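S.K.: the sequence isn't on hand, but the structure is:
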């Protein structure tokens, strides 16, 4: 490399690093705001009642110095403004270690609308249950909720994936032998009362916990009975009179300690048996990822450089290295776990015929290669990791005549029928059918995360704005200023919708993470998946070769 090229390369690296660290700063600031829940005043009132906050409860419950892999940190972000907002969906969920055992934890945040359930709260709770069921992990519910948020009851109560699905899942998990433990640490009313009591064991905190189908005001209105909430459904009533709950706890810490003691005595279950070796750090500095990922989503970069900073010892056993170069496939280890990596190559490459292939585009040969590699990983029982930076499938007469639809369908088929656990990381672009073929949300990845640098949409903002504008303008004659104003307005709206925060708010992704958290997130995901033996045989049905 010439000195001029070296300086240019260093300058680009520094610009990329600055841009990505700015995105990381935004991520940290938004996290800090979300962690406050309903705000400092609400937290102070919570403490005055002798109660810990949801995040304090989680921090106390998990093992000291262990990692909590949060799911849905930004659920509800910039949603429900007319209702005062719903930070983190009013509930904290994630994967954490309790007595060295990986568990799913669900903790209502009573500083947010008294822990009431918004539509996104229900979706987030269902996602947590889905993770527990897929991976056969114990799930812990820390209940402190006023029930359904009544002004939005039509969006949370009656449908298949609404509030009632929670209790259906309680029953399914119980019949499947998946452990559920509930702690009633605050209000637990109406239909919400079924969740803890449909768990295997339920405990209640004296003085602050209460559970009943109808509170004292509703009882008065319904049958004319005068009774206070503590007598109606407090800890003494439910533990010593009704027998509804199993343990009476003195305070929050006593309650959480009891959960730890129960988890500590659970026996082992069969494992899936995924290969794990001794962990090795990447040879290349992981922090260099900030300088590798370009500032502009349209710029090229070498995905091999990303992989070298994610996998153990920076080693990749590449599959079909000289074929289908717009997708990289290969075997590696991440934190000791064996993985099959499927990654979009983001720089321009030459095909086997010497033709140039655009970075981030899936061609027929690449789709064919990826399909076969995915099938091989299923045969070998190796979890799959998809690194997405894809602009879609190649279009045009040459691609159509070459059977791009058939080859794309083959890849989608392999991804859809895969029985090994899949994990997806959005690094850059995630556009169109490329999102699907590279295991987007619709294809059941066990976990799906995004870096702050990612964009998710049918197509890029510039292209989409032009298409939408052409549709809206039609035969109208507009001045240059009017056209620009319309274009800018459309693009601004579209760009906002492609943001990873827009996706995270709606739980299209599980969370937005710092690139340096990727190895840990994938490792914990595979560890979780290892608790669920693979029972289904891999088959692709009718697959054209």
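M.R.: That came through fine. It should be emphasised that the depicted structure is a prediction, and the values quoted were computed from it without experimental measurement.
S.K.: touching the lowest-mean-pLDDT helix or strand in the chain from outside, list them.
M.R.: The helix or strand of the chain with the poorest confidence is helix 461-473; it has a mean of 71 (mean pLDDT, DSSP states H and E). The contact list for helix 461-473 (Cβ atoms under 8 Å, 6 or more residues apart in numbering) reads 455, 457, 458, 459, 483, 486, 487, 490, 491, 494, 495, 498. C-betas here are computed from N, CA, C, even on glycine.
S.K.: got the contact list for the helix or strand where residue 164 lies?
M.R.: Element membership of residue 164, judged by DSSP states H and E, is helix 163-176. Applying Cβ under 8 Å, 6+ apart, the external contacts of helix 163-176 come out as 117, 122, 125-126, 129, 132-133, 136, 139, 148, 156-158, 180, 191, 194-195, 198-200.
S.K.: helices or strands up against whichever helix or strand comes after the least confident helix or strand of the chain?
M.R.: Sequence-wise, the next helix or strand downstream of helix 461-473 (DSSP H and E) is helix 480-498. Counting contacts by 3 or more Cβ pairs under 8 Å, 6 or more residues apart in numbering; DSSP states H and E, helix 480-498 is packed against strand 455-457, helix 461-473.
S.K.: the shortest one pairs with which strands, and in what direction?
M.R.: This points to strand 455-457. Under the criterion DSSP bridges, strand 455-457 sits next to strand 422-431 (parallel) in its sheet.
S.K.: show me where the stretch 1-150 of the chain has helices.
M.R.: Using DSSP state H, counting those that start in this stretch, the helices of the stretch 1-150 of the chain run over residues 3-35, 40-48, 54-61, 119-135.
S.K.: could I get those helices as a markdown table with mean pLDDT, mean neighbour count and distance to residue 251?
M.R.: Putting the helices of the stretch 1-150 of the chain into a markdown table (pLDDT from 0 to 100; neighbours: other Cβ atoms under 10 Å; distance: least, Cβ to Cβ, whole Å) gives the following:
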| stretch | mean pLDDT | mean neighbour count | distance to residue 251 |
| --- | --- | --- | --- |
| helix 3-35 | 89 | 14 | 23 |
| helix 40-48 | 95 | 13 | 12 |
| helix 54-61 | 98 | 21 | 11 |
| helix 119-135 | 97 | 22 | 25 |
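S.K.: where does pLDDT dip in the stretch 351-500 of the chain?
M.R.: For the stretch 351-500 of the chain, the stretches with pLDDT under 70 are 352, 401, 459-461, 464, 474-475.
S.K.: give me that answer again for 80
M.R.: 351-358, 395, 399, 401-403, 458-480, 482-484, 486-495 (pLDDT under 80).
S.K.: out of the contacts of helix 163-176, which are buried?
M.R.: The neighbour count (16 or more other Cβ atoms under 10 Å) marks 117, 122, 125-126, 129, 132-133, 136, 139, 148, 156-157, 180, 194-195, 198-200 as buried among those.
S.K.: same list (the contacts of helix 461-473) but as TSV, adding neighbour count and distance to residue 527.
M.R.: TSV is the format used below for the contacts of helix 461-473 (neighbours: other Cβ atoms under 10 Å; distance: Cβ to Cβ, whole Å):
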residue	neighbour count	distance to residue 527
455	21	30
457	20	32
458	15	35
459	17	36
483	14	54
486	16	51
487	16	48
490	18	44
491	18	42
494	19	38
495	17	37
498	21	32
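S.K.: how about the residues you listed, which pair is most distant?
M.R.: The distance between the two most remote of the contacts of helix 461-473 (Cβ to Cβ) is 24.4 Å, for 455 and 483.
S.K.: all strands of the stretch 101-250 of the chain, in order?
M.R.: Listed in chain order, the strands found in the stretch 101-250 of the chain under DSSP state E, counting those that start in this stretch are 101-108, 139-145, 180-189, 201-205, 210-212, 247-249.
S.K.: which residue, neighbours along the chain excluded, lies closest to residue 447?
M.R.: Of all residues not flanking residue 447 in the chain, residue 525 sits nearest, at 4.3 Å (Cβ to Cβ, 6 or more residues apart in numbering).
S.K.: element containing the one you found?
M.R.: Using DSSP H and E, residue 525 falls in helix 518-529.
S.K.: the strands of the stretch 101-250 of the chain: which one's closest to residue 395?
M.R.: Closest to residue 395 of these, according to Cβ to Cβ: strand 101-108, at 41.9 Å.
S.K.: tell me the angle of the closest one relative to helix 518-529?
M.R.: 100 degrees (axes from the mean of the first three to the mean of the last three Cα atoms, to 10 degrees).
S.K.: surely the residue nearest to residue 447 touches residue 424?
M.R.: No - between residue 525 and residue 424 there is no contact under Cβ atoms under 8 Å: 10.2 Å.
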